[in-house]
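Asker: Got a sequence here, can you build the structure:
(2 chains)
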Amino acid sequence: NAGVTQTPKFQVLKTGQSMTLQCAQDMNHEYMSWYRQDPGMGLRLIHYSVGAGITDQGEVPNGYNVSRSTTEDFPLRLLSAAPSQTSVYFCASSLYSGAPSYNEQFFGPGTRLTVL
Amino acid sequence: QQPVQSPQAVILREGEDAVINCSSSKALYSVHWYRQKHGEAPVFLMILLKGGEQKGHDKISASFNEKKQQSSLYLTASQLSYSGTYFCGTSKTSYDKVIFGPGTSLSVIP
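Answerer: Residues are numbered from 1 along each chain as shown, chains lettered A, B, ... in the order given. Prediction:
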C-alpha cells in the first residue's frame, strides 16, 4: 500500500493564480482531511470529508474549496492564491466508522506552497 | 477551539524525563497525540478516550483527566529519537472532528 500520497511536493504560485493540491489514499478510508501548518500555529484543519459526496468546513476554510467524488481522492483547490496561503499542507485519512474521534489519522508527506 | 499545550519548547539530555500537557476550556471526549520530526509528516502515538485507561507503549505514556479537560504525555528516559514536535488533538464528542494544538518542540541532546 502506498498509504496517503500528495502531489506536488513543492509549488510556487503568483498572487491570484489558482491550483489544485492532490491527495489520494489506497486504504479505503472514509474520513479525509486537509491541514495547513504554519510556524507556531500547529496543524489547522481546513476542510474534511466523512465519505464520498460529503464535505464540511474546518477551522480555516476561507480561500479553499474541496470536493470528494470518490473514496480515494480528496483534492484541495485554491481559487485565487494569496501570500497568506503560503504554508505546508498536509492531507490525512482515517477509518471513520461514524466516529473520527476513535481512529488514528495517517498523514501524507505534505506539499510546501509558496505564494509570491 | 484549539487546545493549549505547555511547555512550548523543552530541551532534555538523554535519559531525562519530560511531561507535555494539553488542556481545553471545553469538555473533551478524546485526546490524540502525534509526533512530527523535522521535515516529515506527523505520526500517530496514541488516542485516549473519555472513560478509558491510561495508555502507553515503551517509555511513552499518557493520561486523560476528564474533569480537568486535560491530558499529559509522559516521556521517560528520553532518547535522541524522541526529538520532534508533539501535537495533541482533541474532540468534544465521538463524532466530532479533531482539532490540534500548536505543538511542543522537544529536543533531546547527548
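Asker: Neighbours of B:Pro42, how many?
Answerer: 28 (other Cβ atoms under 10 Å in any protein chain shown). (Glycine included, C-beta is placed from N, CA and C.)
Asker: Would you mind measuring from the residue most central in space within chain A to chain B?
Answerer: Nearest to the geometric centre of chain A sits A:Trp34, at 2.6 Å (Cα atoms, centre = their mean). According to Cβ to the nearest Cβ, to the nearest Å, A:Trp34 stands 12 Å off from chain B.
Asker: Which residues are in contact with the residue nearest to B:Asn65 when sequence neighbours are not counted?
Answerer: Among residues not flanking B:Asn65 along the chain, B:Ser71 sits closest, at 7.2 Å (Cβ to Cβ, 6 or more residues apart in numbering or on different chains). Contact analysis of B:Ser71 by Cβ atoms under 8 Å, 6 or more residues apart in numbering or on different chains lists B:Asn21, B:Cys22, B:Ser23, B:Leu28, B:Val31, B:Trp33, B:Leu48, B:Ala62, B:Ser63, B:Phe64, B:Asn65, B:Cys88.
Asker: Separate out the buried members of those residues.
Answerer: B:Asn21, B:Cys22, B:Ser23, B:Leu28, B:Val31, B:Trp33, B:Leu48, B:Ala62, B:Ser63, B:Phe64, B:Cys88 (16 or more other Cβ atoms under 10 Å in any protein chain shown).
Asker: can you redo the residues you listed as CSV with secondary structure and pLDDT?
Answerer: Below are the buried ones among the contacts of B:Ser71 laid out as CSV (DSSP: H, G, I helix; E, B strand; the rest coil; pLDDT from 0 to 100):
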residue, secondary structure, pLDDT
B:Asn21, strand, 97
B:Cys22, strand, 97
B:Ser23, strand, 95
B:Leu28, coil, 89
B:Val31, strand, 94
B:Trp33, strand, 95
B:Leu48, strand, 91
B:Ala62, strand, 93
B:Ser63, strand, 91
B:Phe64, strand, 91
B:Cys88, strand, 96
